[in-house]
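>>> need coordinates for the below:
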Amino acid sequence: MDIATIIGIFSGLALIFGAIMSGGQIQTFVNLPSVMIVVGGTLAATLITFPLGEVLQAFQAAKMVFTQKKVDPNDVVRLIINVANLSRRQGLVALSKVRTDNPIFKKALMLIADGAPEELIRHTLRIEIEAMRQRHATAQDVFKKMGAYAPAFGMLGTLIGLIQMLGTLDDPKTIGPAMAVALITTFYGSFMSSLFFLPVAGKLKSRTQVEIINLEIIFEGALSILENNNPLLIYEQLSSFIPPRLREEYQPVRRERATA
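Numbers count the residues shown, from 1 in each chain. Purely as a prediction, here's the structure:
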């Protein structure tokens with residue numbers, strides 16, 4: 001569970017609804033046609049822009065923003081050091097027995113254990129990293145577009161409400177309520193864009209940057225293992241991906257467990 005995301009959403013909702021309740025009744029801000037225009041219009045425009053599969057993948061990625069804990073690069077470095085020690089003791093073939101939840105790291109270890117050429121390992125891992133980058137960029141773009149579409153449809157709903165209001169100017173008593181309903185649609189669009197769509201896109205970008213760092217660590221670590229480098233040298237190389245204040249000190253381990 002990502003605590004920062006949960007705190008951000010609930011604090012944002014609390015502030016907005018607190019402001020609403022302090023100045024009137026929440027029923028004033030409830031309008032079903034406005035919700036239909038903003039939500040339905042945003043989804044419709046998004047489906048026009050992207051294939052259905054990419055939209056579904058983006059929502060799946062958004063769910064992971066709330067539920068999946070990001071992997072600390074220090075944990076990845078520590079795992080690679082353990083694997084490096086294992087390979088120096090038992091040989092490269094032993095890497096095929098290493099258990100890990102990371103499919104790219106598992107593929108790298110299998111290639112090394114099978115005696116694949118270094119150039120093939122480099123090329124394969126680079127393809128994996130770039131493919132992941134493209135997938136994540138598409139998910140981010142979906143929510144960025146939704147963040148742009150929602151206010152636009154909110155304004156469209158406001159224009160519809162104003163046109164309807166202008167048709168009833170002969171009754172002055174209806175102008176105030178009609179104007180309020182017209183502006184609610186703009187409120188919905190700005191609310192959804194500012195508190196959900198654009199923040200989710202930003203969080204996905206942040207997660208992507210961390211995951212790319214982890215994959216780069218795996219990439220360089222796999223090549224270092226293939227070259228049978230000293231674990232201390234591997235640590236010095238891989239820790240360069242981590243800001244100095246966040247790095248963990250290298251601690252030689254006598255009996256390592258190469259599982260994750």
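>>> from the centroid of the chain, which residue is nearest?
L204 (2.0 Å; CA atoms, centre = their mean).
>>> from I48, how far out is that residue?
21 Å (CB to CB, to the nearest Å). Bear in mind the C-beta positions are built from the backbone N, C-alpha and C, glycine included.
>>> E128 contacts I212, correct?
No - assessed by CB atoms under 8 Å, E128 is found out of contact with I212, at 11.2 Å.
>>> if we can go back for a sec, in contact with the residue nearest to the centre of the chain: list those residues for me.
Shown in contact with L204 (CB atoms under 8 Å, 6 or more residues apart in numbering): 61-62, 65, 136, 139-140, 143.
>>> can you add neighbour count and distance to D170 and give the residues you listed back as TSV?
Below are the contacts of L204 laid out as TSV (neighbours: other CB atoms under 10 Å; distance: CB to CB, whole Å):
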residue	neighbour count	distance to D170
A61	22	52
A62	18	47
V65	20	51
H136	20	55
A139	26	50
Q140	20	50
F143	26	44
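>>> which of the residues you listed scores worst on pLDDT?
Lowest pLDDT among these: V65, with 75.
>>> regarding it, what is its secondary structure?
helix (DSSP: H, G, I helix; E, B strand; the rest coil).
>>> mind checking how far it is from I20?
Counting by CB to CB, the gap from V65 to I20 is 26 Å.
>>> hang on, E118 packs against L223?
Yes - E118 is within contact range of L223, at 6.8 Å (criterion: CB under 8 Å).
>>> looking at the two, which is more packed in?
L223 (18 against 13; other CB atoms under 10 Å).
>>> where does the stretch 151-260 of the chain have low pLDDT?
171-174, 176-177, 251-260 (pLDDT under 70).
>>> where is the longest helix in the chain?
When the chain is parsed with DSSP state H, its longest helix is helix 118-166.
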